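In: sharing a sequence plus its predicted fold:
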Amino acid sequence: MSNFSKKIQGNFKEFCNENNLLVEVQTILLAFSGGVDSVVLLDLFRACFPNLSITALHCNFQLRGRESDEDEQFVRSLANRYQIEILTQRFETERTAKENGVSIQMAARSLRYEWFDQQQNRKEFAAIATAHHATDQLETLVFNLAKGTDVSGLRGMLPKDASRIKPLLFLSKENIIQYAEENKLKWREDSSNAKSDYARNKIRHKVLPILREINPSVDTGAFEITEKLKRVEEVYFESLPSVKEGEGTSFKISLEDKVKPVDYYYLLKRFGFNYQELKKILKEPLQTGRQIINNQYILTLDRNSFLIEENKGEKSVREYILERKNQKIELDKYQSLELAIYPLSSSPDYNNLQIAYLDSTKITYPLIARKWKKGDKFQPFGMKFQKKLSDFFIDNKVSLVDKKKLWVITDANNKIIWVSGYRIDDKHKITASTEKVCELRLIKKN
């Protein structure tokens, strides 16, 4: 074996160890196209980690007719020579792309990884290895820059992402071919790679040759850049505010003076919100109530925070009637409401805001539980005058999320007697002359 091949094997082993790619891993799935990249990856695994159990996965997308079938036959033969298990799968890629309205490349990628995940779950493999290399990384960087990207796009592919590993990211395509030729490995050439009708192929055949004229080491240089940016990304994210989980599927992010719109973008992009939308919602002066809505989430600016809720679509909310004592109703998935009427025998505990104690003789039954409406008014306990509910919310710093969850309880004349969890109406309070108590108890669910 040449010194070059020995060096590649040493670097391969070092890269796997430094990035913890095979820590406690005894079995892996190997994406095996039969091209030079996957053939070299298989050879390096067998040479450097002989005790590793490998199962090869080959996708036949049936896009190149007989050539695709010959690829499948080749990988079966090669797996047999290396004495490893191989699983193959044929896909109706063109039909899938047409049915889903996506490109052939997107359909193939989706089919490929969906099948990979199925095999991993079925056999409980510790990792899935793909043969992405340093030149692929360079293509990814250029592609991401061309379409617009952020720091995650600039740092490119990671050596390890959950159970996916990419052990060849340190190695250029040129060195992969040299290793394969020196070790007399056989592989299949994909004729579609020579075409320039796909965006990545245009980068591969037209852009990268120009970059290599400027810097012959640009392939491996791209790998070093992504290594540095990976750490920059880690440090940057450590400085950002945290995303706090609320009830159900809600989230909250505090607004801080030193945090810019681009910082919130990185926190919120997993919810599907883009940078330009965030710049608009954070435009000075800030206005509570500004929203961005997508298919999955609703983002709301609420005083000093962002509130994120699942977008469940507009649904009509029922009004619930309470007309008999000891009645209990389910208001929503968060809480229920219980009505009790009994003679006053002792002074109630007014400190518990989840319970309202009212003079039953001052109430016209039945009671109605409903959501608050614009224009609602009541006389908060302890006050001499009525107040708009919207102003009451401002005074008590009630968030938009909490506003949506709270219920107002009215009597038969639509007079508010309790804003649940906050304040009763002063006109319905218990006094020295009260004989019967109307107790309304808000019960929160776990």
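Out: Sure, I can see it.

In: which strands and helices lie in contact with the helix or strand containing residue 11?
Out: In this structure, residue 11 sits in helix 3-18 according to DSSP states H and E. Packing partners of helix 3-18 (3 or more CB pairs under 8 Å, 6 or more residues apart in numbering; DSSP states H and E): helix 36-48, helix 173-182. Quick note: C-beta positions are derived from backbone N, CA and C, even for glycine.

In: rebuild these as TSV, extending it with distance to residue 122 and mean neighbour count.
Out: Formatted as TSV, the helices and strands packed on helix 3-18 follow (distance: least, CB to CB, whole Å; neighbours: other CB atoms under 10 Å):
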stretch	distance to residue 122	mean neighbour count
helix 36-48	21	21
helix 173-182	30	18
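
In: need those helices in CSV (columns: distance to residue 6 and mean pLDDT).
Out: Below are these laid out as CSV (distance: least, CB to CB, whole Å; pLDDT from 0 to 100):
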stretch, distance to residue 6, mean pLDDT
helix 36-48, 10, 95
helix 173-182, 10, 95
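
In: redo those helices as CSV? Include distance to residue 141.
Out: Listed next are those as CSV, based on distance: least, CB to CB, whole Å:
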stretch, distance to residue 141
helix 36-48, 18
helix 173-182, 15
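
In: for residue 417, which of those helices is the nearest?
Out: helix 36-48 (71.8 Å; CB to CB).

In: what comes into contact with that closest one?
Out: 8-9, 12-13, 16, 28, 30-32, 52, 54, 56, 78, 82, 84, 129, 131-133, 167-168, 173, 176-177, 179-180, 183, 185-187, 189 (CB atoms under 8 Å, 6 or more residues apart in numbering).

In: dump it to CSV, keeping only the CA atoms.
Out: Extracted C-alpha coordinates of helix 36-48, given in CSV (Å, rounded to 0.1, in the frame of the first residue of the first chain):
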residue,chain,number,x,y,z
VAL,A,36,-16.5,6.0,-6.4
ASP,A,37,-17.4,7.9,-3.2
SER,A,38,-19.5,5.2,-1.6
VAL,A,39,-17.1,2.5,-2.8
VAL,A,40,-14.1,4.3,-1.2
LEU,A,41,-16.2,4.8,2.0
LEU,A,42,-16.9,1.1,2.2
ASP,A,43,-13.3,0.2,1.6
LEU,A,44,-12.1,2.6,4.4
PHE,A,45,-14.6,1.3,6.8
ARG,A,46,-13.5,-2.3,6.2
ALA,A,47,-9.8,-1.3,6.4
CYS,A,48,-10.0,0.9,9.5
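
In: that helix to helix 3-18, inter-axis angle?
Out: 80 degrees (axes from the mean of the first three to the mean of the last three CA atoms, to 10 degrees).

In: for residue 26, which non-adjacent residue is spatially closest?
Out: Computed as CB to CB, 6 or more residues apart in numbering, the closest residue to residue 26 that is not its neighbour in sequence is residue 53, at 6.0 Å.

In: what are the phi and psi angles of the one you found?
Out: phi -90, psi 120 (degrees, to the nearest 10).
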